[in-house]
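1. Take a look and give me a structure for this.
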Amino acid sequence: MVCAADRLRFRFTAPAGVHGHHEFTIGGGALTHVLVTSLHGWARLTWR
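-> Take a look at the predicted model:
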């Protein structure tokens with residue numbers, strides 16, 4: 001986990017083949033969520 005005054009980042013390593021982090025940023029009165037991923041080999045990502 002990385003934390004700055006206006007940013008919070010949570011790293012993940014599962015499911016297999018998907019590596020990355022969630023990043024939450026506060027700025028201008030808004031909360032922004034970014035999902036950053038890097039796929040390695042065969043990977044399937046389903047969003048519900």
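2. Just want the most central residue of this structure.
-> Per C-alpha atoms, centre = their mean, the C-alpha nearest to the average position across the chain is that of residue 22, at 2.0 Å.
3. Which residue, other than its chain neighbours, is closest to that residue?
-> What sits nearest to residue 22 in space, not counting adjacent residues and going by C-beta to C-beta, 6 or more residues apart in numbering, is residue 10, at 4.7 Å. From N, CA and C alone the C-beta is placed, and that goes for glycine too.
4. Quick check: that neighbour touching residue 21?
-> Yes: the criterion here is C-beta atoms under 8 Å, and residue 10 meets it with residue 21 at 6.0 Å.
5. which residues of this structure fall in strands?
-> Counting by DSSP state E, one finds strands in the chain at the ranges 2-4, 7-12, 18-27, 30-39.
6. Which one, of those strands, ends up nearest to residue 46?
-> When these are compared for distance to residue 46 using C-beta to C-beta, the nearest one is strand 18-27, at 11.3 Å.
7. Just list what the closest one packs against, helices and strands only.
-> Identification of packing neighbours for strand 18-27 by 3 or more C-beta pairs under 8 Å, 6 or more residues apart in numbering; DSSP states H and E yields strand 7-12, strand 30-39.
8. Would you mind listing where this protein has pLDDT under the threshold?
-> 1-5, 43-45 (pLDDT under 70).
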